[in-house]
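1. Curious how this folds, go ahead:
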Amino acid sequence: MTDEAPWQSDPVAPRASGPWEGDPVVSVAEDVRRSVGPGLIRGAAGLIGTPAFLAELGAKGIDTATQFVGKQFGIDPEKTKRPTPRAEPVLPEAGKLLADYERESGYPLYKPQTTPGKYVHTAAEFVPGTLAGPLGRAETVLGVAGNVARNVGKFGIVPGLASEAAGQATEGTPYETPARIIAGIAGGAAVPAVSHVARGAFGSSVGQIPSVLRAQMPAGVTPQMVDAAGRLIDDAANAGMRLSWPEALSQVAQSPVLTNVLRHAEAAPASEARMAQFFGGRVPAIDAAAERQFNTITPPTMAPNTIGPQVGRAAEGVLTDVRDIINARTEPFYQAAENVRLTPQEMARVRALPGYDEASRAVRGDPQLNRYVSHLPEDSVGFLNEVKKYLDQASENAARPMAQQPNMQRAAGYGRDARAAREIGIAASPEYEVALAAQEGARRQFLEPLLQGPLGRLAQSDITTQRAIEALFPRNPLPNSAGEITTAVGALAQRSPDAARELVRAHMQSTFNEAARSLQSGVNQAAGAKFRVALAGNPQQAANLEAAVRALPNGDQLWPGINRFLDVMEATGTRQNIGSRTAYNTEFLKQLGTSPLETAASPFAGLRDRFQRWQLGQNLDELARLLTDRQSGALLRAISRMPVHSDRAHLIAGRLAQLAVTSGTDQLLLPAR
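-> You can find the predicted model right below:
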């Protein structure tokens, strides 16, 4: 048995027969077995040599940029070109590591001969890089082992196989190396848009955007929230409006999500044009969307001052109907008692009441009152009941603040006389007591709540439209008052559907008009959010508005659209004020402006700084596009699944650099042609 490495055959010298490069093809199983080890070694060398590669790539990039700038100013490119001889590199390079290994071990690294062997070899190259990545949380050794295995599969084997497949598909063409790199990234990337990552690593470092967004996104944001935010964006679009992802996500989460990032994108010179175009038409869009939403309730009236009186008359009619119903139901009890005659003693007590003569003459002298008792004698319980009703009404009228001559003493006197008449009638007829109890119970159960609630406040034929709105929709409604709103609007809708619809629309539109008034500095960008707060800012206001809309004809069909519109309006308020256009968050902009290929030391620091400023602008503009593009949902869902402060996006850029090293792609270091 020969003394051989697990994945090789014989030493370099003396060379024995075996599956070395150029030898006949061996069996597939043997080729696969021999390809694992060299792949691991090449991957490890690539991982160790990545820093040197990045430094060289950065220097080459600066050198190319310097020559280009020199040409623009008429400077000989040879004078700005770096000298070819270089000192021994401080950082280990992958090629030198592999050469040293072959020299010291005496074994040239095996190169696969079959297609399966090439797949296995390339997949093995990816494995060392995965072992350097984050392992996540694990409570046990088995848990750590499981995380390692998962990383190897997800970030090593899968992208390695994808890279080899792409390489074989483009083998022999100029696209082979880029194809291998892009496919390797796509095989295990958490973001769907590989082009973003590639551009990020080679130029604008857009590949860092996912990790920056993850750091700015609260941990509680889920993919389901992203989907809900997407639906809200669609609803806004259907209403003719645009919502950004931070606005929609903040509305769904009911807490700020990426709003600070949105503020930076709006303030930065590199992205403000894109953001200004996106938000530029928001104010007229809100106006148009609101008008369309109000029209779903009823078309606008050209005589808004007539709404109040129409509603007042309808409310009075409802209360009259309720009284008539109560009287009709209790009438049989009164009829049973009305013909009962008072005794002389009882009649003497009645005539002794200070208010009796006035009440008796008023009843007999008023045809509208006398019609009910014209067939009854003065000493009957029926006539006494009509006298009592007159005294009750006189007491109420005298106590009203709006009376011509309010007098509490007169009110109290009429009240005492009415109670005395009631007691005399009950003593004379038990049936009368039953009738009174039935009447009072029905009024207490059905009439009094209406009189004390919104309907009672509306029941005035001369009420103005503004007072009618305030009666139905006070700014600070009482707790649990939604039921009263349902009753009031439902009753109005039955008696006068048009008046009920116009009143609800007038309330919503007047609230919107107040919120949308222009500020001194110009149009009110926050009109939508202010409207939402003024209309349904607290839970009871929101409940009462829903109750009013649902009580309208077809209200159950109207409410979902109105409610969704209010959600869109509220979402517009999550957008932060831009503030100073120079006071940016330093750390945030530093993250966006630092390239994964940046070299720390360079004699062209000024040029590098200008390049970084350009790079920052590219990132901010790309970030602005992501935040305002409806198609960014897939990316945001992927980011929401990343752990907070995840290194996954950075590993994507690192994997790209490692691919370049292990593939020996010197062409990446050459200037673009």
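2. my guess is Ile326 meets Arg444, correct?
-> No: the criterion here is Cβ atoms under 8 Å, and Ile326 misses it with Arg444 at 10.2 Å. For glycine as for every other residue, the C-beta is placed from the backbone atoms N, C-alpha and C.
3. The two: which has the busier surroundings?
-> Ile326 (19 against 10; other Cβ atoms under 10 Å).
4. Quickly find the element holding that one.
-> In this structure, Ile326 sits in helix 307-338 according to DSSP states H and E.
5. List the buried residues in that helix.
-> Across helix 307-338, burial judged by 16 or more other Cβ atoms under 10 Å covers 307-319, 322, 326, 330, 333-334, 336-338.
6. With stretch 252-260 instead?
-> In stretch 252-260, counting by 16+ other Cβ under 10 Å, buried: 252-253, 257-259.
7. on contacts alone, who are the packing partners of the strand or helix carrying Val127?
-> Per DSSP H and E: Val127 is located in helix 115-131. Using 3 or more Cβ pairs under 8 Å, 6 or more residues apart in numbering; DSSP states H and E, the elements in contact with helix 115-131 are helix 28-72, helix 141-152, helix 158-169, helix 648-662.
8. Confidence-wise, which of these is weakest overall?
-> Mean pLDDT is lowest for helix 648-662 among the helices and strands packed on helix 115-131, at a mean of 46.
9. quick one on the thing from earlier: need the mean per-residue confidence for the helix or strand just after the helix holding Ile326.
-> Remark: after helix 307-338, the chain's next helix or strand is helix 344-351, criterion DSSP H and E. The average pLDDT within helix 344-351 is 95.
10. can you list contacts of the next helix or strand after helix 344-351?
-> Downstream of helix 344-351, the first helix or strand assigned by DSSP H and E is helix 356-365. Residues outside helix 356-365 that contact it (Cβ atoms under 8 Å, 6 or more residues apart in numbering): 350-351, 369-370, 373, 378, 383, 386-387, 390-391, 394, 417, 421.
11. what angle do helix 356-365 and helix 344-351 make?
-> 90 degrees (axes from the mean of the first three to the mean of the last three Cα atoms, to 10 degrees).
12. Buried residues in helix 356-365, which are they?
-> 356, 358-360, 362-363.
13. Dump that helix to PDB, keeping only the CA atoms.
-> The C-alpha coordinates for helix 356-365 follow below in PDB (Å, rounded to 0.1, in the frame of the first residue of the first chain):
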ATOM      1  CA  TYR A 356    -106.600  73.100  37.900                       C
ATOM      2  CA  ASP A 357    -108.800  76.000  36.600                       C
ATOM      3  CA  GLU A 358    -106.000  77.100  34.100                       C
ATOM      4  CA  ALA A 359    -105.500  73.500  32.900                       C
ATOM      5  CA  SER A 360    -109.300  72.800  32.700                       C
ATOM      6  CA  ARG A 361    -110.000  75.900  30.600                       C
ATOM      7  CA  ALA A 362    -107.000  75.200  28.400                       C
ATOM      8  CA  VAL A 363    -108.100  71.600  27.600                       C
ATOM      9  CA  ARG A 364    -111.700  72.600  26.900                       C
ATOM     10  CA  GLY A 365    -110.700  75.600  24.900                       C
END
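14. per-residue confidence averaged over that helix?
-> Mean predicted lDDT for helix 356-365 stands at 94.
15. which is the next helix or strand following it?
-> helix 367-370.
16. So what touches the helix or strand just after that following helix?
-> Sequence-wise, the next helix or strand beyond helix 367-370 is helix 381-399, with elements assigned using DSSP H and E. Contact with helix 381-399 is made by 334, 337-342, 350, 355-356, 358-360, 362-363, 369, 372-373, 376-377, 403, 406-408, 410-415, 417-418, 421-422, 424-425, 428-429, 432, as judged by Cβ under 8 Å, 6+ apart.
17. okay, the angle between helix 381-399 and helix 344-351?
-> For helix 381-399 against helix 344-351, the angle by the same axes, to 10 degrees is 20 degrees.
18. Which parts of the chain belong to which domain?
-> Per automatic domain parsing, the structural domains of the chain span 1-190+642-673, 292-306+456-574, 341-428.
19. In terms of mean pLDDT, which of the ones you listed ranks lowest?
-> domain 1-190+642-673 (a mean of 58).
20. ok, back up a step: quick one: buried ones out of the contacts of helix 356-365?
-> 350, 369-370, 373, 383, 386-387, 390-391, 394, 417, 421.
21. of the residues you listed, closest to Val533?
-> Ala394 (47.6 Å; Cβ to Cβ).
22. Glu266 and Arg274 touch, don't they?
-> No: Glu266 lies out of contact with Arg274 (Cβ under 8 Å); the separation is 9.4 Å.
23. Those two: which is more packed in?
-> Glu266 (23 against 19).
24. just the CA coordinates of stretch 310-320, formatted as PDB?
-> Once non-C-alpha atoms are left out, stretch 310-320 reads as follows in PDB (Å, rounded to 0.1, in the frame of the first residue of the first chain):
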ATOM      1  CA  GLN A 310     -83.900  68.300   6.700                       C
ATOM      2  CA  VAL A 311     -82.300  66.200   9.300                       C
ATOM      3  CA  GLY A 312     -84.100  68.100  12.100                       C
ATOM      4  CA  ARG A 313     -87.500  67.500  10.600                       C
ATOM      5  CA  ALA A 314     -86.700  63.900  10.000                       C
ATOM      6  CA  ALA A 315     -85.600  63.500  13.700                       C
ATOM      7  CA  GLU A 316     -88.800  65.200  14.900                       C
ATOM      8  CA  GLY A 317     -90.800  62.900  12.700                       C
ATOM      9  CA  VAL A 318     -89.000  59.900  14.200                       C
ATOM     10  CA  LEU A 319     -89.800  61.000  17.800                       C
ATOM     11  CA  THR A 320     -93.400  61.700  16.900                       C
END
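25. Which residues outside that stretch are in contact with it?
-> 447, 450-451, 455-456, 458-463, 465, 468, 488, 491-492, 494-496, 498-500, 502-503.
26. returning to that earlier point: can you lay out the buried residues of stretch 252-260 as a markdown table showing secondary structure, distance to Ile286 and pLDDT?
-> Shown next, in a markdown table, are those (DSSP: H, G, I helix; E, B strand; the rest coil; distance: Cβ to Cβ, whole Å; pLDDT from 0 to 100):
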| residue | secondary structure | distance to Ile286 | pLDDT |
| --- | --- | --- | --- |
| Val252 | helix | 20 | 94 |
| Ala253 | helix | 22 | 93 |
| Val257 | coil | 22 | 90 |
| Leu258 | coil | 22 | 88 |
| Thr259 | helix | 19 | 86 |
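27. Dump the residues you listed to a markdown table, plus distance to Leu109.
-> As requested, the buried residues of stretch 252-260 are exported to a markdown table (distance: Cβ to Cβ, whole Å):
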| residue | distance to Leu109 |
| --- | --- |
| Val252 | 54 |
| Ala253 | 53 |
| Val257 | 50 |
| Leu258 | 48 |
| Thr259 | 53 |
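28. Could you single out the nearest of the residues you listed to Leu627?
-> Nearest member of these to Leu627, counting by Cβ to Cβ, is Leu258, at 7.0 Å.
29. In this structure the closest one contacts Ala215, no?
-> No: using Cβ under 8 Å, Leu258 is not in contact with Ala215; the gap is 10.6 Å.
30. Identify the contacts common to those two.
-> If you check Leu258 and Ala215 against Cβ under 8 Å, 6+ apart, no residue is contacted by both.
31. Now do the same contact list for Phe278.
-> 242, 244, 624, 628.
32. neighbours around Gly573, how many?
-> So Gly573, with other Cβ under 10 Å, has 18 neighbours.
33. would it count as being in a helix?
-> Yes: counting by DSSP: H, G, I helix; E, B strand; the rest coil, Gly573 is part of a helix.
34. Ser27 and Gly537, how far apart?
-> Ser27 is 77 Å from Gly537, where distance means Cβ to Cβ, to the nearest Å.
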